[in-house]
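[1] Just to be clear, the model below is a prediction. Sequence and coordinates:
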Amino acid sequence: MLSSFNSKYDIILGSQSPRRRELMAGLDVPFRAITIDADESYPHTLEAGDIPIYISRAKAQAYLPQLGETELLITADTIVWLDGKMLGKPTDEEDACRMLRQLSGRTHQVYTGVTFSRIVDGTAEIESLVDKTDVTFRELSEEEIRYYVAKYKPLDKAGAYGVQEFIGYIGVSRMVGSYFNVMGFPIELVYETLKRIAR
């Protein structure tokens, strides 16, 4: 297989997210994807970008005992941050509508923590990075919110929206930072890190 660069590791993406898997495939670097079951709770003293770093590291720790010396594991977590609070995944459609009303006409931050784990001479080496994007929504009508939630059912998405879907098309008026970070995986940052540590 042609590759954008030759890695000295077998790269593992620890994510069940189809968006992360699709973005990783776009790098033209061989990898395999796995699902990791990990405790995604976090200390409530953490804020903003420290939260997804903590969770991405917890995902890495859950798989670490199985990681071989020829393997490099990538784990990630994404949150939406508004008014000093995290907006997680909605519990149901009404909760999704409530979140989108909060985001309407406002600027929020999307943080993704990415953790790279490998075993070097029998010792785990873990490096975590975080990316931030500022996202501004125009005023959303109740009709637009309810249409989006009913059709796209964004219950698996932080902040109750996917930027690559209808609500992103019609709602996002300004973005400062990586678009792919808002999708849940700052692939530019991932690529630069892989070039540095995986060659």
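    Ah, there it is.

[2] for this protein, what spans make up the helices?
    Using DSSP state H, the helices of the chain run over 18-25, 50-63, 93-103, 142-152, 166-171, 179-183, 187-197.

[3] how about the third one: buried residues?
    When burial is assessed from 16 or more other Cβ atoms under 10 Å, helix 93-103 yields the following buried residues: 95-97, 99-100, 102-103. (Each C-beta comes from the backbone N, C-alpha and C, glycine too.)

[4] Can you pull out the low-pLDDT segments for this structure?
    The chain contains residues with pLDDT under 70 at 1-2.

[5] From the centre of it, point out the most distant residue.
    Note on the chain: the largest C-alpha distance from the chain mean falls to D121, namely 29.8 Å (Cα atoms, centre = their mean).

[6] what's the distance between that residue and E69?
    In this structure, D121 and E69 are 8 Å apart, going by Cβ to Cβ, to the nearest Å.

[7] now swap in L46 and tell me
    As judged by Cβ to Cβ, L46 and E69 stand 31 Å apart.

[8] out of these two, which sits in the more crowded spot?
    A count of neighbours by other Cβ atoms under 10 Å puts L46 above the other of L46 and E69, at 14 against 10.

[9] who touches the more buried one in this structure?
    Y54 (Cβ atoms under 8 Å, 6 or more residues apart in numbering).

[10] can you count the residues close to the spatially closest residue to D156 that is not a sequence neighbour?
    What sits nearest to D156 in space, not counting adjacent residues and going by Cβ to Cβ, 6 or more residues apart in numbering, is K89, at 6.2 Å. Residues contacting K89 under the criterion other Cβ under 10 Å number 17.

[11] K89 is in contact with K153, isn't it?
    No: at 11.6 Å, K89 and K153 do not qualify as touching, with contact defined as Cβ atoms under 8 Å.

[12] E94 and V190, how far apart?
    Noted for E94: a distance of 35 Å to V190, by Cβ to Cβ.

[13] Contact partners for the residue nearest to D156?
    K89 is in contact with 155-158, 160, counting by Cβ under 8 Å, 6+ apart.

[14] Can you say which of those residues are buried?
    Buried subset of the contacts of K89 (neighbour count, 16+ other Cβ under 10 Å): 157-158, 160.

[15] Just the closest of the residues you listed to F137, please.
    Distance to F137 across those (Cβ to Cβ) is lowest for A160, with 11.7 Å.

[16] Quick check: the closest one vs M175, distance?
    A160 is 18 Å from M175, by Cβ to Cβ.
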